[in-house]
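Asks: Need coordinates for the following:
(chains A, B, C and D)
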Protein chains: 2
Amino acid sequence: MTGAPVIHIVDDDASFRGALSRLLEVSGYAVTDYGSANCFLRSIESAEPGCILLDVNMPSVDGLQLQEELARLSMRWPIVFMSGRGDVPTSVRAIKAGAEDFLLKPVSKDALLDAIDRALARFAATRQQQDQINSLRSLIATLTPRESEVFALMVRGKMNKQIAFQLGTSERTIKAHRHMVMEKLQVQSFAEAVSIAEKTGLLASPATGDVENP
Amino acid sequence: MTGAPVIHIVDDDASFRGALSRLLEVSGYAVTDYGSANCFLRSIESAEPGCILLDVNMPSVDGLQLQEELARLSMRWPIVFMSGRGDVPTSVRAIKAGAEDFLLKPVSKDALLDAIDRALARFAATRQQQDQINSLRSLIATLTPRESEVFALMVRGKMNKQIAFQLGTSERTIKAHRHMVMEKLQVQSFAEAVSIAEKTGLLASPATGDVENP
DNA sequence: GGGCCTATTGTCCTTGAGGGCAACGTCAGG
DNA sequence: CCTGACGTTGCCCTCAAGGACAATAGGCCC
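Replies: From the prediction side, this is the model:
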């Protein structure tokens, strides 16, 4: 099922959509197509991840609006726009919003395949690093509230005794929590723990009620 | 001198350039202007940092070429393009290469000031984080070659004895180097050292001849 | 040759981190 | 009422990290 990434075509012109589908399929891509933005949005939950070939001018919800909606849903799949009468402001807006490319109809086959390749490459790269962050976050999610507090303080370089004081408990307890943190995060060294905190943005957030070390 | 950021106008049309300069000056900006891309490139070393208002269509070196050249020089100042007869592919290329905006002549005053404000805001944000990275890198630059090796290994969670073995020296020596590293990086805790390594991309680079810990 | 920096190393001692073992109290579920 | 997860803590022991004090050796500049 989740083998190769899928190319999702969204265009209200059925004949164009069909032609495009066939073109991409013979080029070896997996393709699905939708006649409208709403149609795509409805099936988005079950859709295979991949990139989107999106027509700008569509009735009801146009391409840019769909792009906005996807951003709101945190669906950051790469988008390649296609437009018949492309104007500069529209293309600028699309690209600034993160579109991979903005092609003018009639679309040259080479340009299209090139854009799709770049989109898929970006997709792969993004997904890989996103997966990594997510797996780290899921590890962190297994920490109990108390362990999270200890984690946040230890990766800021606080000593056990300082953490104990700040949390109003004993050093031995902190050691116990710390042990659990290392175990749950599946790291062997303190350095790795700090690295995880850094990658997941934990160190960027404000120190929770930090008291400067005397 | 280095007070407010400067807006650098690059356009071959002298009258347009003049009008733009006056407009921006009365709006309270510091402005310099250049009649060609080469003219700008010649004075770039001594130029005040800021953003660039760049005409696309110029003889000899056009706006996009200047953008490329600046990227090659790692001059990542925000660029606002202006073009008389803007076409979609050109604008797409400019934005994809990182331009802040792409405006069509005649440029509306509001749109221009808005784009400039965004460009300057981005400039400030970028510069701030860049300055932070640079100051960290300059700290790292004070490390001797040997200290750098030790630093790279310690932030990967290696124990002193492992580092000593790998570098063919004694544990005591590593302790001495480690001490110097902490001092030169001006950090009190090991966690901060790891954090610096992470921020400066040191942890992303391949482990130098890493030997797995038995 | 003398002075200074870098790298190196040793010994001794202190402190911090971490683990083993054992135990206690609370609170939510079953 | 029993169980299990969570938070808690004491005692003791080991090992790693770090500082103090001291010393050696190679290079480089004056």
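Asks: Where does residue A:91 sit, in terms of helix or strand?
Replies: Following DSSP states H and E, one finds residue A:91 within helix A:88-96.
Asks: domains for chain A, by residue range?
Replies: The record's domain parsing of chain A by automatic domain parsing lists A:6-134, A:142-199.
Asks: Kindly reformat those domains as JSON lines containing mean neighbour count and mean pLDDT.
Replies: The C-beta positions use only the backbone N, C-alpha and C, and glycine is treated the same way. Below are the domains of chain A laid out as JSON lines (neighbours: other CB atoms under 10 Å in any protein chain shown; pLDDT from 0 to 100):
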{"stretch": "domain A:6-134", "mean neighbour count": "17", "mean pLDDT": "94"}
{"stretch": "domain A:142-199", "mean neighbour count": "18", "mean pLDDT": "95"}
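Asks: Go through those domains and name the closest to residue B:64.
Replies: In terms of CB to CB, the element of these nearest to residue B:64 is domain A:6-134, at 14.2 Å.
Asks: So what would you say the end-to-end distance of that closest one is?
Replies: One end of domain A:6-134 sits 22 Å from the other (CA to CA, to the nearest Å).
Asks: How about it and chain B, any contact?
Replies: Yes: Domain A:6-134 reaches chain B (CB under 8 Å from any CB of the partner chain) through A:83, A:86, A:87, A:88, A:89, A:91, A:92, A:95, A:96, A:101, A:102, A:104.
Asks: Alongside DNA strand C, which residues does chain A contribute?
Replies: The interface of chain A toward DNA strand C, taken as CB under 7 Å from any atom of the strand, is made up of A:159, A:160, A:161, A:172, A:175, A:176, A:178, A:179, A:182, A:190.
Asks: Wait, the second one touches residue A:171, no?
Replies: To tie it back to what came earlier, the one meant is residue A:160. Yes: between residue A:160 and residue A:171 there is a contact under CB atoms under 8 Å: 4.9 Å.
Asks: Between helix B:88-96 and the helix holding residue A:91, find me the angle.
Replies: Per axes from the mean of the first three to the mean of the last three CA atoms, to 10 degrees, the angle that helix A:88-96 makes with helix B:88-96 is 40 degrees.
Asks: Can you name the next helix or strand after helix A:88-96?
Replies: strand A:101-104.
Asks: Need the residues that contact that next one.
Replies: When contacts are defined by CB atoms under 8 Å, 6 or more residues apart in numbering or on different chains, strand A:101-104 is touched by residues A:80-84, A:86, A:91, A:94-95, A:111-112, A:115, A:118-119, B:88-89, B:92, B:96.
Asks: Just put the domains of chain A in TSV and tack on distance to DNA strand D.
Replies: Shown next, in TSV, are the domains of chain A (distance: least, CB to the nearest atom of the strand, whole Å):
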stretch	distance to DNA strand D
domain A:6-134	21
domain A:142-199	3
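Asks: now these as a markdown table including distance to residue B:26?
Replies: A markdown table is the format used below for the domains of chain A (distance: least, CB to CB, whole Å):
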| stretch | distance to residue B:26 |
| --- | --- |
| domain A:6-134 | 27 |
| domain A:142-199 | 46 |
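Asks: Going along the chain, name the helices of chain A.
Replies: Secondary structure of chain A by DSSP state H: the helices cover A:14-26, A:37-42, A:63-72, A:88-96, A:109-141, A:145-154, A:160-167, A:171-184, A:190-199.
Asks: Could you export the second one as PDB, CA atoms only?
Replies: What follows is helix A:37-42 as a C-alpha-only set of coordinates in PDB (Å, rounded to 0.1, in the frame of the first residue of the first chain):
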ATOM      1  CA  ALA A  37     -10.500  20.900  -4.000                       C
ATOM      2  CA  ASN A  38     -13.400  19.800  -1.800                       C
ATOM      3  CA  CYS A  39     -13.300  16.400  -3.400                       C
ATOM      4  CA  PHE A  40      -9.600  16.100  -2.500                       C
ATOM      5  CA  LEU A  41     -10.100  17.400   1.000                       C
ATOM      6  CA  ARG A  42     -12.800  14.800   1.700                       C
END
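Asks: what's next to it, contact-wise?
Replies: Helix A:37-42 is contacted by residues A:8, A:10, A:34, A:47, A:52, A:58, A:60-63, A:65-66, A:69 when judged by CB under 8 Å, 6+ apart.
Asks: Recalculate using a threshold of 10 Å.
Replies: A:8-10, A:12, A:32-34, A:36, A:47, A:52, A:54-55, A:58-67, A:69-70, A:73, A:75 (CB atoms under 10 Å, 6 or more residues apart in numbering or on different chains).
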